[in-house]
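Asker: I need the structure of the sequence given here:
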Amino acid sequence: MTIFTIQITPIKKPYMRAKKVMQQTVCKYRNGTKGYEYSPYAYGKQHCGYVYKYKDTAACIAERAQYMPAFLEMIDRVHRKATERYFKFYADYNQDDEIIRVWAPYPTIAPNATKTVYSQRKHQHDAHHRFLEDIKSKMRIQYNTLMCVLQQGQWDLANDSLYKLNNYLYELQSMCRPEHHEVVFKGKVNPLTVNRK
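Answerer: Okay, the predicted model is just below:
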């Protein structure tokens, strides 16, 4: 069988020029039996250091709004193609045909209470349907998170968000393809394995 390779472009970190403003704040912690108290230190302990929060500026919001439309357009295009593949892949799907057996777990107590066992294809169909329902929202939120942590300068969290985004993209591009199709990322570096230690 000839393998048909599909190359997809990985999602990359946008270059964020604007930086969020770091402000000192307080930490709410439980002080034994006294109840909740507030402290400028983490967990109310001085050796844990001060607690900070990041505040958005107008430049930060404008910069994120600049990158988001192109990303959402790309996700819409990929999602539309995946939906077309989904309906084509399950064109002959009928839930009644996927029933393996129907049995009564309590035949003496409740003979009318039956349990249906479905095939693996039915579970796969439902999983693909749930995935397509909320993947656009997940990717939009994750991309916004990626831009926020880049504006905060938290590079480890940015790598985590980038991994999740590329994993979502890979699953979306790989969904409902024939067995001889292979989806790979362009370039020499695989973004899903680059940060493995």
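Asker: Next, residue 124: secondary structure please.
Answerer: Under the three-state scheme (DSSP: H, G, I helix; E, B strand; the rest coil), residue 124 adopts helix.
Asker: okay, now it: neighbour count?
Answerer: A count of nearby residues for residue 124, using other Cβ atoms under 10 Å, gives 14. Any C-beta I mention is one placed from the backbone N, CA and C, and that applies to glycine too.
Asker: Likewise for residue 169?
Answerer: By other Cβ under 10 Å, the burial measure for residue 169, its neighbour count, is 23.
Asker: which residue ranges form the strands in the chain?
Answerer: With DSSP state E applied, the chain shows strands at 4-8, 21-25, 27-30, 36-39, 51-55, 99-103, 115-118, 181-185, listed in chain order.
Asker: any idea how the protein splits into domains?
Answerer: As assigned by automatic domain parsing, the chain contains the domains 4-20+57-185, 21-55.
Asker: Out of those domains, which one sits most buried?
Answerer: Mean neighbours per residue, mean count of other Cβ atoms under 10 Å, is largest over the domains of the chain for domain 4-20+57-185, with a mean of 14.
Asker: So for it, first residue to last residue, what's the gap.
Answerer: 14 Å (Cα to Cα, to the nearest Å).
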